[in-house]
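Participant: got a structure for you, letters missing:
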């Protein structure tokens, strides 16, 4: 009489499970699947689900729709800032968006104004940084304020060119824009990027003629 057939060897468990994983129903199910030789889904990091607000912001950046992006930031920045306190994807997208518009002369003033205000909000700075604040400060100064500051004077001069005493008004507007970058700001280094004041032209003297 022939001997009975041998049972096939049980596949070895290919993944080690931690104690807390073994205590869950999912962990037990995965051990069973591996023991039976079934394919088990990988246990990687959880997928980050972006909010519709962040998705819309990223879509605008991908499309290169800078005027629309600027308008969106004017109305949704505060909401994005609130979201960024608990959702790092919102803070990351917000920084990228302001880096995009900072390079456009038409939106340079908007970018500097946001950086000036954000730097004086410790909770927002901590949320945006997600680590050392110095790294965030360097990114904001070099990626937002530096390119925007190159356009601010020209934009303001064009705005006030038909106004009486235009140079003084341009200078006052620049002072207001860069004043928040003081010792209380996390981005205080941006104060060094303030455009210099132009030398006022000498008053025209009336020529006297002999009658």
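Facilitator: Perfect, thanks for sending it. Bear in mind that the values here come from a model prediction, so they are computed numbers and not experimental data.
Participant: centroid residue for this structure?
Facilitator: Nearest to the geometric centre of the chain sits residue 95, at 1.1 Å (C-alpha atoms, centre = their mean).
Participant: biggest helix in the chain by residues?
Facilitator: helix 66-84 (DSSP state H).
Participant: Would you check that residue 84 makes contact with residue 97?
Facilitator: No - judged on C-beta atoms under 8 Å, residue 84 makes no contact with residue 97 at a distance of 11.6 Å. Using the backbone N, CA and C atoms, a C-beta is placed for each residue, glycine as well.
Participant: Which residue comes closest to residue 80 once chain neighbours are left out?
Facilitator: residue 94 (4.9 Å; C-beta to C-beta, 6 or more residues apart in numbering).
Participant: host element of the one you found?
Facilitator: Assigned by DSSP states H and E, residue 94 belongs to helix 88-101.
Participant: Check residue 135 too.
Facilitator: Secondary structure (DSSP H and E) places residue 135 in helix 133-140.
Participant: If I take the helix or strand just after that helix and helix 133-140, what angle do their directions form?
Facilitator: Using DSSP H and E, the next helix or strand after helix 133-140 towards the C-terminus is helix 146-159. Regarding helix 146-159 and helix 133-140, their directions subtend 40 degrees when assessed with axes from the mean of the first three to the mean of the last three C-alpha atoms, to 10 degrees.
Participant: average pLDDT across helix 146-159?
Facilitator: In this model, helix 146-159 has a mean pLDDT of 96.
Participant: tell me what it is packed against?
Facilitator: helix 108-118, helix 166-178 (3 or more C-beta pairs under 8 Å, 6 or more residues apart in numbering; DSSP states H and E).
Participant: change it to 10 Å
Facilitator: Under the contact criterion of 3 or more C-beta pairs under 10 Å, 6 or more residues apart in numbering; DSSP states H and E, helix 146-159 touches helix 88-101, helix 108-118, helix 166-178.
Participant: Check which helices and strands the helix or strand just after the second one is in contact with.
Facilitator: Proceeding C-terminally, helix 108-118 gives way to helix 122-129 as the next helix or strand, assigned by DSSP H and E. The contact analysis (3+ C-beta pairs under 10 Å, 6+ apart) places helix 122-129 against helix 66-84, helix 88-101, helix 108-118, helix 133-140.
Participant: can we see that at 7 Å?
Facilitator: Counting contacts by 3 or more C-beta pairs under 7 Å, 6 or more residues apart in numbering; DSSP states H and E, helix 122-129 packs against helix 66-84, helix 88-101, helix 133-140.
Participant: how about the ones you listed in TSV, adding distance to residue 110 and mean pLDDT?
Facilitator: Putting the helices and strands packed on helix 122-129 into TSV (distance: least, C-beta to C-beta, whole Å; pLDDT from 0 to 100) gives the following:
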stretch	distance to residue 110	mean pLDDT
helix 66-84	6	97
helix 88-101	6	97
helix 133-140	14	97
